[in-house]
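Asker: Sequence plus predicted model, see below.
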Amino acid sequence: MSRADTAATGAPGAGTVERADKETPPMSGTATDAAVAEPGVAEPGVTTAAVTTAAPAADPGLAAPAPAPTGSRARPDGRFANIARVTFPPVVVFAVVIGLWYAVTELVLNKQQRFMLPAPDKVLSVGFFDGKNFRTMMSALQRTTEVSLMGIAIAIVLGVALAIVMSQAKWIERSFYPWVVVVQVVPILALTPMLAFFFGFALTSRVIVCVLISFSPIVFNTLMGLQSAARAEHELFTLHHAGRLTRLWKLQLPASLPAMFTGFRIAAGLSVIGAIVGETFFKQGPPGLGTNMSVFESLLEGERLWATVVVASLLGVVVFVFFGWLGRRVVGRWYQPDKG
C-alpha cells in the first residue's frame, strides 16, 4: 500500500505513516513527494494531516530561532536615574531636618533662647561666610584631622595585631577578650587625670584618647573575620600539611577582609569623636575643633558652635566614606550584594 493510499484511508497518525514507510518505499510522483517538494501546494485528495506528517523533522543540533519581540524593549536606566535613586532619599531627609530646625528655632524658642539653636542661614553667614571665622575653623579642622588619622592608624595596627594573636588559640582569646571589652566601655573622663599626668595636655594625650575609642571595633570585627573560614577549608589546609603562617596568610586573612574593613569604617567615625573628645579635655597646643567647641560654648556663640559641629560631622562622614571606598577597592563587592 502506497503512502498516498494510507493518507486517503483517513489514518493521519504518525505511527500509521511510519508503518507505511517500512512496508513500501516512497514512489516518485506521489502526493507526498509533491507536498515535500512544494509545501505550499497540496495534491487533491490528500489530507492536510498527511502532508504535515510527511514534512522533514528539524535538525536537533540547530538552535531554534529567537522569537520576534512582541512589545517595546525596556530601556536600561541611565546614569542620571542611578544618581537620582542614590541621592534623592538623603536629600529628602536633609530637607526635612532643615525644616524642623527652622521650626524649632522660630516657633519653639524665644529670642533670648535662640542662641542655643540659631537658624541655619545665620550659621552659614557667621561660621562659613565670614572670612576670619572660616580661616579659624579650617585651621582647627587641620589639627583635628591629623589627630584623627594618627589615632585610627595606630588603632588599626594594634587592633589587627591583637586579633591575629587572639585567633591562634582559644586560651589567648579568653585571656584578652574581656579586657578589650573594658577598653570599649571605660569612661574616658575617668582616665583624663592619669593621661594628663603621664603624657601631658597636648597632642599625645589626644591621640591616646582617639586610639582608646576606636580600638575595640577593629579587634572584634577582625577576630570574627579570622574565625569565619569554613571548617572544610581548614581541613583542606591540614590535608596539605600547611603551617600556621601559611594558614593565616592564605586562608584566615583573606576570609577576614570583609569583616575587617567593616570594623575600619566603624572605627573611622569613632576616631573623629575621639579626636574631638581629646581636644575638649586637653587644650594645650594648637586648638582643634573640640577646643573651639568648648570655647564657643563658654562664650555663648551659637552660630560658630554649630558651624564647628557641622564641620566635625562632615569630617566623620568623609573618613567613613573613604574607608568604605578603600574596602571596595581591596575586597571587591563579592561579599555584599547590591540592594538596588
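Answerer: Sure thing, it's come through.

Asker: For the stretch 201-340 of the chain, just list every one of the helices.
Answerer: 203-226, 231-239, 244-247, 253-281, 289-298, 302-331 (DSSP state H, counting those that start in this stretch).

Asker: JSON lines for those, including mean neighbour count?
Answerer: Bear in mind the C-beta positions are built from the backbone N, C-alpha and C, glycine included. Output for the helices of the stretch 201-340 of the chain, formatted as JSON lines (neighbours: other Cβ atoms under 10 Å):
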{"stretch": "helix 203-226", "mean neighbour count": "24"}
{"stretch": "helix 231-239", "mean neighbour count": "11"}
{"stretch": "helix 244-247", "mean neighbour count": "12"}
{"stretch": "helix 253-281", "mean neighbour count": "23"}
{"stretch": "helix 289-298", "mean neighbour count": "20"}
{"stretch": "helix 302-331", "mean neighbour count": "17"}
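
Asker: Just give me the lowest mean pLDDT stretch among the ones you listed.
Answerer: Note on those: lowest mean pLDDT is at helix 231-239, with a mean of 79.

Asker: Contacts only, for the nearest residue to I273 once chain neighbours are set aside.
Answerer: Counting by Cβ to Cβ, 6 or more residues apart in numbering, I273 lies nearest to I213, which is 6.1 Å off, once chain neighbours are set aside. For I213, the contacting residues are 151, 188, 270-271, 273-274, 277, by Cβ atoms under 8 Å, 6 or more residues apart in numbering.

Asker: still on that earlier bit, P90 is nearest to which of the helices of the stretch 201-340 of the chain?
Answerer: helix 302-331 (10.9 Å; Cβ to Cβ).

Asker: what angle sits between the closest one and helix 289-298?
Answerer: 160 degrees (axes from the mean of the first three to the mean of the last three Cα atoms, to 10 degrees).

Asker: Which elements pack onto helix 302-331?
Answerer: Contact here means 3 or more Cβ pairs under 8 Å, 6 or more residues apart in numbering; DSSP states H and E; on that basis helix 302-331 packs against helix 120-123, helix 131-167, helix 253-281, helix 289-298.

Asker: Quick one: these as JSON lines, columns for distance to S313 too.
Answerer: JSON lines is the format used below for the helices and strands packed on helix 302-331 (distance: least, Cβ to Cβ, whole Å):
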{"stretch": "helix 120-123", "distance to S313": "13"}
{"stretch": "helix 131-167", "distance to S313": "12"}
{"stretch": "helix 253-281", "distance to S313": "9"}
{"stretch": "helix 289-298", "distance to S313": "10"}
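
Asker: Indicate which one of those helices is closest to F201.
Answerer: Per Cβ to Cβ, nearest to F201 of the helices and strands packed on helix 302-331: helix 253-281, 8.1 Å.

Asker: elements contacting that closest one?
Answerer: With contacts taken as 3+ Cβ pairs under 8 Å, 6+ apart, helix 253-281 sits against helix 131-167, helix 188-199, helix 203-226, helix 289-298, helix 302-331.

Asker: for the longest one, which positions count as buried?
Answerer: This means helix 131-167. 133, 136-137, 140-141, 143-152, 154-156, 159-160, 162-164, 166-167 (16 or more other Cβ atoms under 10 Å).

Asker: After it, which helix or strand is next?
Answerer: Going down the chain from helix 131-167, the next helix or strand is helix 170-185, by DSSP states H and E.

Asker: Now do that next one: which elements does it pack against?
Answerer: Packing partners of helix 170-185 (3+ Cβ pairs under 8 Å, 6+ apart): helix 131-167, helix 203-226.

Asker: In CSV, list those along with distance to S298.
Answerer: Formatted as CSV, these follow (distance: least, Cβ to Cβ, whole Å):
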stretch, distance to S298
helix 131-167, 16
helix 203-226, 20
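
Asker: mind checking which of those helices is nearest G332?
Answerer: So among the helices and strands packed on helix 170-185, helix 203-226 is nearest, using Cβ to Cβ, at 15.0 Å.

Asker: Pull the distance from the closest one to the chain's centre.
Answerer: 22 Å (Cα atoms, centre = their mean, to the nearest Å).

Asker: which residues touch F264?
Answerer: 152, 156, 218, 323, 326-327.

Asker: pLDDT value on Q227, please?
Answerer: Taking Q227 on its own, its pLDDT is 87.

Asker: Please list all residues in contact with the nearest residue in space to A119 that is not next to it in sequence.
Answerer: Spatial nearest neighbour of A119, excluding adjacent residues (Cβ to Cβ, 6+ apart): T105 at 4.9 Å. Counting by Cβ under 8 Å, 6+ apart, T105 touches 114, 117-119.
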